[in-house]
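**Student:** the sequence isn't on hand, but the structure is:
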RNA sequence: GUGAGCAUAGCUCAGUUGGUUAGAGCAUCUGGUUGUGGCCCAGAAGGUCGUGGGUUCGAUCCCCAUUGCUCACCCCA
């Protein structure tokens, strides 16, 4: 049996209503904030991600789906959306046409990681990017939109974490000092953290090892190294969140794994999913557009994982979708009337009803069971005595009442079905 | 990439301290008087017990390998 490739999943008909429900809320919140949808290709030139996300990041160094196409070009399935959106902005000079572009998107992303609860190789994200302004209101706006979407989905158990990375210079200064602090303790650290010393020193703060935590207790914090402008920016973000009543905590250890962040970074985590608990993450990236060959354009954005959100909804039983109904099921009582039955179904469908019927000439009882299984509001019986008198029978399933109509008077039948 | 756990019907799971015809619930199908659902009742269909090897008179069960899945680490949505 051929199965879906590791880390990919089929979204079966039963799940589609949940996805559509989620998307409808996403679209509604983003359009209330006047963000416009953008769709970019699922694959891009590999160098876009290498330059945009950063060669040294985990995503680029070990997670990308990269292949050489038939013309010899290196192509990569997008692991995230920001790089593609920025590329499109530059390519189409969107930044020249208006000074602020507020954009949103939703679609599949690809990363070759080991699958786990809430993590897949093909997964779906929605997100937003605001390009062209350094206003901290926009940083806050990203968090507000994400939070609003989660609240409208009925999610509880959320924690908003924010931090500021400042500008690259102060971050580099800080890392230097941190390295000096950690170095004398290096041989006491866990092996994991010793690795982090070289790769991503700030991650040592995240370690679950008690020894590491004790050593890091008195370590200098990034926030002490931020310049005044960065601090003011961060202050303004926090104030905006306070005044809009978004509960948050400052997490000075919150570092994100993409190179392009400056100033604000944030994450919203859920306690209702497994260990991959970040439902969304994002931040400001004032250097990215220029890095990708555009003019100096500040930006801020976030991305949210749809599988994780739906998992949280499921675990919290936050939304209950009423089971789907069809308007009409047509039961054929005797053989030989299939043509009339089928035509009747088509006629009602063209009037706008959801109609189904039996396709394998089964018994009336079997057809009724089918009608019941499909949650039909009405059943129309065609055939038998009534039909020979020119009549067909309409049954209201919930009331269990039925009534005869002339077989030519479809308008009247339609009217009684619609009446309800 | 690393580690642990799991693999029996479409689904959720029993089970055999190795013995002949492998079970349940749900779902599916048929029927319960000739043409009417949901509840109930009766019956049917459905399994090379993940795959390959080994031990044994005999393996679904024990051993080895392999594949897949799950969870966790790393990292991230």
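**Tutor:** Arrived safely, thanks for sending. Being a predicted model, the structure only gives us computed values, none of them experimental.
**Student:** which stretches of the stretch 201-350 of chain A aren't confidently modelled?
**Tutor:** In the predicted model, the stretch 201-350 of chain A carries pLDDT under 70 at residues A:257.
**Student:** residue numbers of it in contact with RNA strand B?
**Tutor:** A:203, A:206-208, A:255-258, A:267, A:274-281, A:303-305, A:307-308, A:333 (C-beta under 7 Å from any atom of the strand). Any C-beta I mention is one placed from the backbone N, CA and C, and that applies to glycine too.
**Student:** now with 6 Å?
**Tutor:** Selection of the stretch 201-350 of chain A residues close to RNA strand B by C-beta under 6 Å from any atom of the strand yields A:203, A:256-257, A:274-276, A:278-281, A:303-305, A:307-308, A:333.
**Student:** just the buried residues from the residues you listed, in PyMOL please.
**Tutor:** In PyMOL, a selection of the buried entries from those looks like this (16 or more other C-beta atoms under 10 Å):
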select buried, chain A and resi 203+256+276+278+279+280+281+303+304+305+307+308+333
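**Student:** for the residues of the stretch 201-350 of chain A next to RNA strand B, work out which two are farthest apart.
**Tutor:** Greatest spatial distance among those (C-beta to C-beta): A:203 and A:333, at 71.2 Å.
**Student:** nearest to RNA strand B among the residues of the stretch 201-350 of chain A next to RNA strand B?
**Tutor:** residue A:257 (0.8 Å; C-beta to the nearest atom of the strand).
**Student:** name the SS class of residue A:106, please.
**Tutor:** strand (DSSP: H, G, I helix; E, B strand; the rest coil).
**Student:** tell me the contacts of it?
**Tutor:** Contacts for residue A:106 (C-beta atoms under 8 Å, 6 or more residues apart in numbering) come out as A:23, A:26, A:37, A:124-127, A:306.
**Student:** just put those in JSON lines and tack on secondary structure and distance to residue A:339.
**Tutor:** Listed next are those as JSON lines, based on DSSP: H, G, I helix; E, B strand; the rest coil; distance: C-beta to C-beta, whole Å:
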{"residue": "A:23", "secondary structure": "helix", "distance to residue A:339": "40"}
{"residue": "A:26", "secondary structure": "helix", "distance to residue A:339": "45"}
{"residue": "A:37", "secondary structure": "strand", "distance to residue A:339": "45"}
{"residue": "A:124", "secondary structure": "strand", "distance to residue A:339": "44"}
{"residue": "A:125", "secondary structure": "strand", "distance to residue A:339": "49"}
{"residue": "A:126", "secondary structure": "strand", "distance to residue A:339": "47"}
{"residue": "A:127", "secondary structure": "strand", "distance to residue A:339": "52"}
{"residue": "A:306", "secondary structure": "helix", "distance to residue A:339": "45"}
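**Student:** just the buried residues from the residues you listed, in PyMOL please.
**Tutor:** Per 16+ other C-beta under 10 Å, the buried members of the contacts of residue A:106 correspond to this PyMOL selection:
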select buried, chain A and resi 26+124+125+126+127+306
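**Student:** in a markdown table: the contacts of residue A:106, plus distance to residue A:346.
**Tutor:** A markdown table is the format used below for the contacts of residue A:106 (distance: C-beta to C-beta, whole Å):
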| residue | distance to residue A:346 |
| --- | --- |
| A:23 | 31 |
| A:26 | 36 |
| A:37 | 35 |
| A:124 | 36 |
| A:125 | 41 |
| A:126 | 38 |
| A:127 | 43 |
| A:306 | 37 |
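**Student:** ok, the contacts of residue A:106 vs RNA strand B, which is closest?
**Tutor:** Out of the contacts of residue A:106, the member with the shortest distance to RNA strand B (by C-beta to the nearest atom of the strand) is residue A:125, at 5.4 Å.
**Student:** tell me the spacing between the closest one and residue A:329.
**Tutor:** 39 Å (C-beta to C-beta, to the nearest Å).
**Student:** for residue A:397, same thing?
**Tutor:** Counting by C-beta to C-beta, the gap from residue A:397 to residue A:329 is 9 Å.
**Student:** understood, closing this out.
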